[in-house]
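In: Need coordinates for the following:
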Amino acid sequence: MNQTFPNIKFVINDKLYNKDPESSELGKSIIMHSIELIDELGYEQFTFKKLGEIIKSNESSIYRYFDSKHNLLVYLCSWYWLWIDYQIMVSLMNSYSIDEKLKSTLGHIVEVCPDNKITAHINETKLQNIVIAEFHKTFMTKAVEEENKMGFYLVYKNIVYRLIKIIVEINPDYQYAESLASTVVQGSLHQHFLRLHLKTITNFKNDDEMVQFYYDLIVNAIKYK
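Out: Here you go, the predicted structure:
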């Protein structure tokens, strides 16, 4: 379910970086190789020193863009959620019924994200791997309330809000739209992780099964509550 228009430029919270990485070739190299390295090593083992060795630059040049690897991770996850939001918006241009809107939106949230050559310095498939494994680390911190006030998680919440809007459109009287929507979005990441690493405690073998599960979960919950 990958649809694109050329010349994509996402606006990401400028509190996450010191210098916009999209503004220079070095910045784009930092983004590209940080995705490669975090996907390969994991967030815990990833360091700016290791990244510097890969891009053949010193750590201080990376710090000119990002104060910490935490901010870099939030930036990468923000880019991912903006990419998903963009895909949803494009697909909804061609979706008319509320049922089509729900299925299309769930598809973009749940399905494996193919790499898109338009974004040459960002591998969306590897970035999704990072989001699946590491996204919870962006907000499960002591600083979450302060960072939330700074808008660090706004793009993620916008994905949840899109699903809330559809749920409310289907059933305005359903009382738990926010909880159901956030459970679906976060749960889809968890189920992907289980599918990859702990296969005996999930039923899903492919994306279609997962989309159908969350579709049924939402429809049954809001109809029969």
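
In: mind listing what K9 touches?
Out: E22 (CB atoms under 8 Å, 6 or more residues apart in numbering). (Each C-beta comes from the backbone N, C-alpha and C, glycine too.)

In: go on, N94?
Out: Contacts of N94 (CB under 8 Å, 6+ apart): none.

In: So it: helix, strand or coil?
Out: coil (DSSP: H, G, I helix; E, B strand; the rest coil).

In: Would you mind measuring from it to E100?
Out: N94 sits 9 Å away from E100, going by CB to CB, to the nearest Å.

In: got it, and V110?
Out: V110 sits at a distance of 16 Å from E100 (criterion: CB to CB).

In: Which one of those two is surrounded by more residues?
Out: Counted by other CB atoms under 10 Å, V110 and E100 do not tie: V110 has more neighbours, with 25 against 13.

In: State the pLDDT value of that one.
Out: Note for V110: predicted pLDDT of 95.

In: repeat for E40
Out: E40 is given a pLDDT of 97.

In: Go ahead and measure how far the helix or strand containing it is from the middle of the chain.
Out: Take DSSP states H and E as the rule and E40 turns out to sit in helix 25-41. Centre-to-centre, helix 25-41 and its host chain are 16 Å apart (CA atoms, centre = their mean, to the nearest Å).

In: And stretch 85-92, by the same measure?
Out: Using CA atoms, centre = their mean, the offset of stretch 85-92 from its chain centre is 14 Å.

In: now swap in stretch 84-101 and tell me
Out: For stretch 84-101, the distance to the chain centre is 17 Å (CA atoms, centre = their mean).

In: Could you give me the buried positions within that stretch?
Out: I84, D85, Y86, Q87, I88, V90, S91, L92, K101 (16 or more other CB atoms under 10 Å).

In: I'd like to know which of these is nearest to K149.
Out: D85 (21.2 Å; CB to CB).

In: Check what pLDDT the closest one gets.
Out: Reported pLDDT for D85: 96.

In: My guess is it contacts K157. True?
Out: No: D85 lies out of contact with K157 (CB atoms under 8 Å); the separation is 10.7 Å.

In: where exactly do the helices run in this protein?
Out: 25-41, 48-55, 59-63, 69-92, 98-110, 124-134, 136-139, 144-149, 154-170, 177-197, 207-224 (DSSP state H).

In: wait, which of those helices is closest to I12?
Out: helix 69-92 (5.0 Å).

In: can you give me the angle that closest one makes with helix 98-110?
Out: 150 degrees (axes from the mean of the first three to the mean of the last three CA atoms, to 10 degrees).

In: how about the buried residues of stretch 84-101 in JSON lines, adding distance to L217?
Out: Converted to JSON lines, the buried residues of stretch 84-101 look like this (distance: CB to CB, whole Å):
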{"residue": "I84", "distance to L217": "19"}
{"residue": "D85", "distance to L217": "21"}
{"residue": "Y86", "distance to L217": "25"}
{"residue": "Q87", "distance to L217": "21"}
{"residue": "I88", "distance to L217": "19"}
{"residue": "V90", "distance to L217": "25"}
{"residue": "S91", "distance to L217": "21"}
{"residue": "L92", "distance to L217": "21"}
{"residue": "K101", "distance to L217": "16"}
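
In: Just flag the most distant two among these.
Out: The widest separation within those (CB to CB) is 15.9 Å, between Y86 and K101.

In: and the end-to-end length of stretch 16-30?
Out: Length of stretch 16-30, first residue to last, CA to CA, to the nearest Å: 14 Å.
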